[in-house]
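J.: using only what follows, build the 3D model:
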Amino acid sequence: MKHLITCTVLVAALLFLDSANAELRILERPYEVTQLRIIMRTPNTGEVLVNECETCEDVTLKITPETKFFKGDREIPLAQAFRHRGQEAVVMRDAESNDVVRIMIY
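T.: Below you'll find the predicted structure:
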């Protein structure tokens with residue numbers, strides 16, 4: 001039994017060391033918005049305007065058919081996203097592009 005515990009601790013330590021050397025990669029970038037500014041071009045595509053600070057310039061992000069839209073924990077069809085403009089939200093952007101991954105309304 002003592003051998004099993006020692007092996008388990010050793011494996012856990014190796015996994016920790018391996019993960020400590022791993023490169024941290026950011027997958028998404030969040031934007032908190034006090035008023036959702038959204039434009040829908042089609043039922044599944046559009047743009048959302050965000051900025052990093054109150055005095056920063058606006059950034060236009062793309063809403064694609066892959067974008068997910070949530071109110072609380074319930075997913076809402078993108079076609080209904082426009083109804084929720086002006087509300088507080090978090091917009092999650094793909095870190096490698098200007099595509100919106102998901103929008104979460106409070």
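J.: residues in contact with the closest residue to residue 97 other than its chain neighbours?
T.: In this structure, residue 97 finds its nearest non-sequential neighbour in residue 62, 7.8 Å apart by CB to CB, 6 or more residues apart in numbering. For every residue, glycine as well, the C-beta is placed using N, CA and C. Counting by CB atoms under 8 Å, 6 or more residues apart in numbering, residue 62 touches 45, 46, 47, 97, 98, 99, 100.
J.: quick check: bridge partners of residue 62?
T.: residue 47, residue 99 (DSSP bridges).
J.: so how far is residue 56 from it?
T.: The spacing between residue 62 and residue 56, counted by CB to CB, to the nearest Å, is 19 Å.
J.: repeat for residue 73
T.: Distance, residue 73 to residue 56, using CB to CB: 30 Å.
J.: who has more neighbours out of those two?
T.: Between residue 73 and residue 56, counted using other CB atoms under 10 Å, the more crowded position is residue 56 (9 against 6).
J.: mind checking the SS state of the more buried one?
T.: With DSSP: H, G, I helix; E, B strand; the rest coil as the basis, residue 56 sits in coil.
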